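Asks: What follows is a predicted structure for the sequence shown.
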Amino acid sequence: MLKIPSHQVAGHHASNGTRGPLIDDSGLFYKPLQGGERGSAEVTFYQEFTANTKIPDHIRKFFPIYYGTKLMNASDGSEHMHLVLQDLTLNRENPTIMDIKIGSRTWGPDASDEYIAKCLKRDRETSSARLGFRISGLQVYINEEVGFYKPHRDLVLKSCVDDVRLLFTKFVSSAPFEGSDQGPDGGLASKVYAGANGILAQLLELKAWFEDQTIYHFCACSLLIMFEKGLALEGGSPNAQVKIIDFAHVQEGRGVIDHNFLGGLCSLIKFISKVIEDHDDHKIQDGDGQ
């Protein structure tokens, strides 16, 4: 039985008259192919990436598993081709998720002047031009009573640097912050961002590959970071994970390092490291860290 993903934080949402991703109970994610060359380009990327023997196994884990394509019926009765991918939130209970578009430039070398102007305007209006990345959407699990904090997409995209820093703190808050005078505490920063299996360690592993790989240029791709707050609050592993998604604009690397993605990735690593540092300093000032 197909259904609309309950944990989608960015992109087009399936609704009456609008195509969007669907999932089933077997762990599959069905993504409608984008129009024009974008859809075929993403299929081509998945096919080539899956068959490419030069991709190390420890890097493949950062990409969704590809199961091919499938022609499916839309709500209006028409048929449309879908990518069949791994459902990244399968078996996750109340996942906290952030979608981050990487790169200070979000268009490919073959883009039209009109499309470049559109992307350039968006990059300058968001944090992309200044930080090398922008948050496209997020949801933060608060508790069973409150549910999720899920700010509107437009509010997230218009975030300035200080707003972005606040969202990264909210992302790992250990206590409810909506309506609170104290705001988010960032109490799970060390557990989620730091540590051997934390977000930061995974980003550094990706960075090491991007410092050498010249196979692809990942234009306008996103990083999906997620964890399970309930497990973290209970003292267990938060099951933090990083995935790269959205490959409609990937280009051949032609022997050149992908400086746009690498630069955005380095900026994100520096940004998250500062969030951890600020939280650790705050703990020491409060007398919690001796």
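Replies: In hand now; what should we look at?
Asks: alpha carbons only for contacts and neighbour counts from here, please
Replies: Fine.
Asks: ok, and what's touching stretch 38-58?
Replies: 33, 66, 68-69, 83, 246-250 (Cα atoms under 8 Å, 6 or more residues apart in numbering).
Asks: Selection in PyMOL covering whichever of those residues are buried, please.
Replies: Filtering those down to the buried ones (16 or more other Cα atoms under 10 Å) takes a single PyMOL command:
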select buried, resi 33+66+69+83+246+247+248+249+250
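Asks: any chance of the contacts of stretch 38-58 in a markdown table, with pLDDT, distance to residue 134 and secondary structure too?
Replies: As requested, the contacts of stretch 38-58 are arranged in a markdown table below (pLDDT from 0 to 100; distance: Cα to Cα, whole Å; DSSP: H, G, I helix; E, B strand; the rest coil):
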| residue | pLDDT | distance to residue 134 | secondary structure |
| --- | --- | --- | --- |
| 33 | 93 | 24 | coil |
| 66 | 98 | 26 | strand |
| 68 | 97 | 30 | strand |
| 69 | 97 | 30 | strand |
| 83 | 96 | 25 | strand |
| 246 | 95 | 15 | coil |
| 247 | 96 | 17 | coil |
| 248 | 93 | 18 | coil |
| 249 | 93 | 17 | coil |
| 250 | 95 | 18 | strand |
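Asks: Relative to residue 59, which of the contacts of stretch 38-58 is nearest.
Replies: residue 66 (14.6 Å; Cα to Cα).
Asks: residues touching residue 244, list them.
Replies: 62-64, 221-224.
Asks: Select the longest helix from this protein.
Replies: helix 259-285 (DSSP state H).
Asks: quick one on the thing from earlier: among the contacts of residue 244, which lie within strands?
Replies: Residues of these located in strands (DSSP state E): 222-224.
Asks: Quick check: of those residues, which lies closest to residue 92?
Replies: Using Cα to Cα, residue 224 comes nearest to residue 92 of the ones in strands among the contacts of residue 244, at 14.2 Å.
Asks: what pairs with that closest one across the strands?
Replies: Note on residue 224: beta-bridge partners by DSSP bridges are residue 99, residue 243.
Asks: gap between it and residue 244?
Replies: Going from residue 224 to residue 244 by Cα to Cα, to the nearest Å gives 6 Å.
Asks: pLDDT wise, what is the most centrally placed residue in the chain at?
Replies: For the chain, residue 224 is the residue whose C-alpha lies nearest the centre (Cα atoms, centre = their mean; 2.1 Å). Note for residue 224: predicted pLDDT of 97.
Asks: now residue 178
Replies: On pLDDT, residue 178 comes in at 65.
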